[in-house]
Structures are given as C-alpha cells and as structure tokens.
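Undergrad: Take this sequence and fold it.
(one chain, ligands or ions: 2)
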Amino acid sequence: MRTVDEHLAEILDGVPLLAPLELALLEAEGGVLAEDVTAPVPLPPFDNSAMDGYAVVAADIAAASEAEPAVLPVIGDIVAGDPAVSAIRPGLTARIMTGAPLPAGADAVIPVEWTDGGDATVRVSRAAPPGNYIRRAGEDVLAGQTVAATGTRLGAAQLGMVAAVGRARVLVRPKPRVVVLSTGTELREPGTPLAPGEIWDSNSFMLTAAAAEAGGVGYRQATVGDEPGTVLRTLEDQLGRADAIVTSGGVSMGTRDVVKEVLTGHGTVAFHKVRMRPGKPQGFGLLQGTPVFTLPGNPVSAYVSFQVFVRPALRAMQGLPPEPLPTVSAVLAEDVKSPAGIRHYLRGRLSFARGHYGVAPAEGQGSHQLAALSAANALIVLPEDAEALPAGTHVDVMRLPS
Ligand SMILES: Nc1nc2c(c(=O)[nH]1)N[C@H]1C(S)=C(S)[C@@H](COP(=O)(O)OP(=O)(O)OC[C@H]3O[C@@H](n4cnc5c(N)ncnc54)[C@H](O)[C@@H]3O)O[C@H]1N2
Ligand code: MOO
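TA: Ligands and ions are numbered 1, 2, ... in the order given. Next up, the predicted model:
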C-alpha cells in the first residue's frame, strides 16, 4: 500500500512535458505559452479619444458654462481608423469618435453630452482640464513590454492580449490529447438495450468530459470487453494520437481484470493499492513514452482518481503547476467517520452563507453511487489521521469543476 502523495509524486515524476508547437491563435486556446510574448509597439499606439465628442484646446473652453457656453467652429470629423483631420488650431474643434486619433494641437476631449452636438459650430457648456478623456499612447502597454510570459495558459483574455500586440501565431504547449477507454464485458452503449447483467457505460463519457474540464482534449474510444488481445491492441492503436491514455475498470483482484493482466510488465506500467477511498486500485506508467492511467471501474472511484491524479498530471504536461482542484476550508455540517490511515474523499455540497463556507456530506458514499456524485459540488478531504470528526470541524474541501 502507498499513500496518495506517494502515488501522485511518482506520476508527476513520470509524465513528460509536451513539446511546444507553433499554432494559430484560436488553435492555441487553452495552450500554455512556451515563449514570452512582447509588444512591438505601445498600446494604445497613439493618443486617442475615450469618448464620442469634440477635440478641443482646453484653454478655449475654460470659462464655458450652461449659462455661457463656448462656441467653436467644427472643422471636420475624425472617426476611428480615419485621421481625416490631423491637427486643429486654438479656437477650433473637430468632432471625434471613441478610439480615433487625437489631432495635433488638441489637449482635451469634450463628450457630446456636454454640448449641443452641433455640426458646423458647437456650443460647449462645461469646462474640462487638459487631458480630459484622452487615452495616452502606451497607457496600457509599453513597446517591448512582455504581455504574456512563458507558462501562461491562454484563456480568452490572454488570447485577446496576444492578438492586440499583433501576433497571429504563438508557441504553446498544446492541450493534452487524452484518449479514454472503458473496459468490461458488461458494458453497453447508452441508447442500446440491456440484457440481464449488463449496464450502460458511464465512465468513458464522464472521463472524456473530465479531461476537457481539466484543460485537455478528450477522445472517447468505444468500450472494449475483457479479451486481453483486443484490449492491448486497442491501447497500442491509440498511442499514435494520444498524449495520455485513461482507462477504467479491470484493475482489482478479479479473475478477469484485463487491464492489469495485459499492461503488467508493459512499458513502465505498474499497479498499486493506494491508501484512499474511493480509488484504492490504481495503475500508472509509460507505454512507448505515453502516460497511461488505469483507473478503477467503480464510477465514483474513477472520477475521484481522475481529479486526484490525472488532472494534476495533465497540468504538469503543459508546464503548469500541478495544483489540486481549488480548495477551501469549510465547516462540517454533520459528524463524519473515516477509516484510519486512509485519505477519504467524501462527496458533499459546499455552500456559502453569512461569511463562511459550510459543507454537508452527501447521502450515499458508495463508490458505485454516481447519483450522489452528480448531485455533489465538492469533495470533502478527510486526511489519513482523521477517524471521527464532529460537526463544526473545519475541513479541506475541493470544489468540483462545473
Ligand atoms: N477482492 C477484492 N475485490 C475488490 C477490491 C479488492 O481490493 N479486493 N477492490 C474493490 C475496489 S475498491 C474497486 S474500486 C473495484 C475496482 O475494480 P476494477 O477496476 O477491476 O473494475 P471492474 O471490476 O471492471 O468494475 C467495478 C465496478 O464498476 C463498474 N464499471 C466498470 N466500468 C464501468 C463503466 N465504464 N461504466 C459504468 N460502470 C462501470 C462495474 O460494472 C463494476 O460494478 O474493485 C473492488 N473489488
Ligand atoms: O476504493 Mo474502490 O476505488 O471503492 O471503490
């Protein structure tokens, strides 16, 4: 028997770092930068207007009021992308749109709401200081500044930033491609009828979705039975397109635990009992250099094992810190018991009220009880040395992705 931490440490030591690829921006979404992205020009690249209104010389309107508006001739329109008027003189104004370059000579922008909106002449009824509603060049980003550093995951905002500095392609460690394979002769495809003793395959759908939630790309394989040759061939066939393979089922002590049977001695794959519940039987290793995670078949065991072991490993493969799911401290709503020496992951409902988190264990903590898992939003983590914790105790709670 080994601890959760020992098993995770072996996995994190074993998984390879994915090679960087140069990808077009939208293909790079979810990738992790393998280069620093810098700005070739400042942002904004030029002084521009923050409002639709009029570019003025602030001194010209210093005495303007509702009662005595300043009246200025309008010499033209400046729209974003079209610097038709490049300069104004004192005593003149140009109509200007948000984002349009400020004409030389102007030092303030008056929003249209402070004026009568005139075309040929405009009446300005409020004074404004120099700099009013002007966005200065370089106010966002300086030329040469790093806007996204190596190790940054490219989410929506980061992709926007990279595009804003003019980059069409970036070097990233891509999302890991995770092939998911359920094993078991009792498994049938959802949508097909069941014969006695059969069940519908749920794990492969759950784990494929979990791979995507964890920042990978999930590929579900059709379920295989427990014929060793077929299982091994199916796994080997997938190596070409997989950065990681996740299997479920066939790893405990039965007479037909096929995954254990065919992978023992293949590559570096080894099987262990881990001091955790659920998820005791685990396997991990590299098959022709590709990490293979063999998770137990009980659905809740497979899911918890994924979150505890596979998720951090997928992060490590992209060069991200292999941190656990976001964890908060919460107050237990009920007494709980846990076997000594085992890390126990209870399914629970985390809630926030009156300034603190509380957590209630779900009814149904069996590793086959998928209904309790699917209604849960958190895993309550009971450490190895906890045996009985009374209601009111603070416990660590991992939030589940949603
Ligand atoms: N004598 C022992 N028996 C078992 C032990 C043990 O230590 N000694 N460990 C138990 C624990 S803990 C777990 S977890 C399971 C793990 O078993 P396997 O990984 O070999 O999984 P299977 O036997 O194939 O299936 C277990 C269970 O899960 C259902 N299952 C499997 N795959 C799916 C799927 N894709 N979708 C839905 N449900 C699935 C399967 O029908 C079984 O009910 O072993 C215990 N036994
Ligand atoms: O520990 Mo097994 O993984 O329940 O159910």
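
Undergrad: Enumerate the residues of this protein near ligand 1.
TA: Within the chain, the residues that sit near ligand 1 (C-beta under 6 Å from any ligand atom) are 182, 184, 186-187, 199, 201-204, 248-254, 257, 278, 280-281, 296-299, 301, 367-368. Glycine gets a C-beta too; all of them are placed from N, C-alpha and C.

Undergrad: Filter these down to the buried ones.
TA: Neighbour counting with 16 or more other C-beta atoms under 10 Å marks 182, 184, 186-187, 201-204, 248-252, 257, 278, 280-281, 296-299, 301, 367 as buried within the residues of the chain next to ligand 1.

Undergrad: from those, which ones fall inside strands?
TA: Within these, membership in strands is found for 182, 187, 248, 281, as judged by DSSP state E.

Undergrad: Can you verify my assumption that the third one contacts Thr208?
TA: To tie it back to what came earlier, the one meant is Ser248. No - contact criterion C-beta atoms under 8 Å: Ser248 and Thr208 do not qualify, at 10.8 Å.

Undergrad: Spit out the residues that contact the two alike.
TA: Shared between the contact lists of Ser248 and Thr208 (criterion: C-beta atoms under 8 Å, 6 or more residues apart in numbering) are residues Val180.

Undergrad: can you pull the contacts of Leu263?
TA: Leu263 makes contact with 232, 235, 269, 271, 283, 285, 287, 292, 294, according to C-beta under 8 Å, 6+ apart.

Undergrad: so which of those is the most crowded?
TA: For these, counting by other C-beta atoms under 10 Å, the largest number of neighbours falls to Thr294: 28 neighbours.

Undergrad: My guess is that residue contacts Gly279. True?
TA: No - the pair Thr294 and Gly279 fails to qualify as a contact (C-beta under 8 Å) at a distance of 11.6 Å.

Undergrad: And the helices in the stretch 201-350 of the chain?
TA: Residue ranges of the helices in the stretch 201-350 of the chain, as given by DSSP state H, counting those that start in this stretch, are 203-213, 228-238, 258-263, 299-305, 311-317.

Undergrad: just to revisit the earlier point, looking at the ones in strands among the buried ones among the residues of the chain next to ligand 1, spot the one nearest Arg399.
TA: Comparing those against Arg399 with C-beta to C-beta picks out Ser248 as the nearest, at 23.1 Å.

Undergrad: Can you name the residues bridging to that closest one?
TA: When bridges are taken as DSSP bridges, the partners of Ser248 come out as Ser182, Leu295.

Undergrad: ok, now how distant is the residue in the chain that ligand 1 sits nearest to from Gly191?
TA: Among all residues of the chain, Gly297 sits closest to ligand 1, at 2.5 Å; criterion: C-beta to the nearest ligand atom. According to C-beta to C-beta, to the nearest Å, Gly297 stands 21 Å off from Gly191.

Undergrad: give the contact list for the residue nearest the centre of the chain.
TA: Compute the mean C-alpha point of the chain, and by C-alpha atoms, centre = their mean the closest residue is Gly215, 5.9 Å away. Gly215 makes contact with 30, 153, 175-176, 314-315, 318, 320 under the criterion C-beta under 8 Å, 6+ apart.

Undergrad: Distance to ligand 2 for the residues you listed - can I get that in JSON lines?
TA: Formatted as JSON lines, the entries for the contacts of Gly215 read as follows, by distance: C-beta to the nearest ligand atom, whole Å:
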{"residue": "Gly30", "distance to ligand 2": "30"}
{"residue": "Arg153", "distance to ligand 2": "31"}
{"residue": "Lys175", "distance to ligand 2": "28"}
{"residue": "Pro176", "distance to ligand 2": "24"}
{"residue": "Leu314", "distance to ligand 2": "21"}
{"residue": "Arg315", "distance to ligand 2": "23"}
{"residue": "Gln318", "distance to ligand 2": "27"}
{"residue": "Leu320", "distance to ligand 2": "27"}
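
Undergrad: Sort out which residues of the longest strand along the chain are buried, please.
TA: Within the chain, and with DSSP E defining each element, the longest strand by residue count is strand 343-353. Taking 16+ other C-beta under 10 Å as the basis for neighbour counts, the residues of strand 343-353 that come out buried are 343-350.

Undergrad: could you point out which element follows that strand?
TA: Next helix or strand after strand 343-353 toward the C-terminus (DSSP states H and E): strand 356-361.

Undergrad: tell me what that following strand is packed against?
TA: Helices and strands in packing contact with strand 356-361 are listed as strand 327-332, strand 343-353, strand 378-382, strand 394-399; criterion 3 or more C-beta pairs under 8 Å, 6 or more residues apart in numbering; DSSP states H and E.
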